[in-house]
Structures are given as structure tokens and as C-alpha cells.
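Asks: sharing a model prediction with you, sequence too.
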Amino acid sequence: QAQTQTYTPPPHIPPYKILTTDSVYATPANLKKNKPVMVIYFAPDCSHCQHLMYELKPHMADLRHIQVVMITFAEPLKASQVFYRDFDLKKYPNFTVGTEGYSLEVQRYYQVRTTPYIALYGKNGKLVKAWEKAPTMDELVAEVKKV
């Protein structure tokens, strides 16, 4: 009989260091204090991640009070830059997109098995909710409005 382990995500924002699409490093120290944060662990070529972005587009106004940090792994920076450009994320200054390279620290932190992985944190930096698979937009927007 298979034993299923229940995974509890860590309660705090991960200690990431990402190379952003504008070729600068960003860490949690770059986040504004007392503002909610959404971390999205993604892959630029992941169809579920792209689908998530298409679904998010009409809800960008609902996300404007949240700092969104999109982190990918081991991809060349160019892949993140193309993703950033294709989804026109420069229009949304609350979005930061970057790669953690080969460190995979964030991937291990969340024990990410599939992308996109989404973690939502309140103004106090504490975890509110995490999704191992993309939630429905209604569910995501409802949670975002609460923080």
C-alpha cells in the first residue's frame, strides 16, 4: 500500500536570488514591505504556465496591489525575456520575472513537481495559500482580494 505524504509549504517567502529579465539580481530584500506577494514558479515553455498568463490578463487590475515574483529554473535568461515580452509584462510594474538558474533553491523550497506552482503571502510575509497546480481564476482572484 502506497503511503501518501502530505506536504506543508513553508510559511515564509523563499530565500530566492533570481536574475531578472533586465539582467539584475533580485532577492526578497527588493520587495516592498507590508505588501502582499505572489510567487509563481513556472517554466517559459510550459503550456499550463502560458495558459495561466492568458487567464490572468483580464484580472491584472485585481493583482495590482500584489507583488508578483515569477521564478523559473535552469533556463537561459533569454527564455524568461521572451516570456516577459510575449505577455507584455512591462505594462505591469508589480511583476518581476527571472531565473534562479541551476541553484534550484526555490524549486526545492516548495518541492515543486509541476509548474505553475503558486504561493500567496499576506502583507506580513506569511503564507496564505499555495497551489501545486494552477487554480481556477475565480479561486485565485478571490484569494488575492482577501490579502
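Replies: Sure, I can see it.

Asks: C-alpha only now, for contacts and for neighbours.
Replies: Fine.

Asks: what sits against the residue nearest to the spatial centre of the chain?
Replies: Most central in the chain under CA atoms, centre = their mean is I40, positioned 1.5 Å from the mean C-alpha point. Contact analysis of I40 by CA atoms under 8 Å, 6 or more residues apart in numbering lists 68-71, 116-119.

Asks: can you count the residues close to D45?
Replies: D45: 12 surrounding residues under other CA atoms under 10 Å.

Asks: quick one: contacts for it?
Replies: Applying CA under 8 Å, 6+ apart, no residues contact D45.

Asks: gap between it and K90?
Replies: Distance from D45 to K90, counting by CA to CA, to the nearest Å: 19 Å.

Asks: can you pull out the helices in this protein?
Replies: Using DSSP state H, the helices of the chain run over 47-56, 60-63, 77-86, 105-110, 137-146.

Asks: CA atoms only for the shortest one, dumped as PDB, please.
Replies: Spelled out, it's helix 60-63. Only the C-alpha atoms of helix 60-63 are listed here, as PDB (Å, rounded to 0.1, in the frame of the first residue of the first chain):
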ATOM      1  CA  MET A  60      -4.400  42.300 -13.900                       C
ATOM      2  CA  ALA A  61      -6.300  45.100 -12.200                       C
ATOM      3  CA  ASP A  62      -7.200  42.700  -9.300                       C
ATOM      4  CA  LEU A  63      -3.500  41.900  -8.900                       C
END
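
Asks: returning to that earlier point: of the helices of the chain, which is nearest V24?
Replies: The closest of the helices of the chain to V24 is helix 77-86. By CA to CA, the value is 10.9 Å.

Asks: okay, now the unreliable bits of this protein?
Replies: 1-6 (pLDDT under 70).

Asks: and with 90 instead?
Replies: Along the chain, the parts satisfying pLDDT under 90 run over 1-10, 74-77.

Asks: can you report phi and psi for the residue nearest to F42 when sequence neighbours are not counted?
Replies: Nearest in space to F42, with sequence neighbours left out and distances taken as CA to CA, 6 or more residues apart in numbering, is P116 at 4.7 Å. Per-residue torsions, P116: phi -80, psi 150 (degrees, to the nearest 10).
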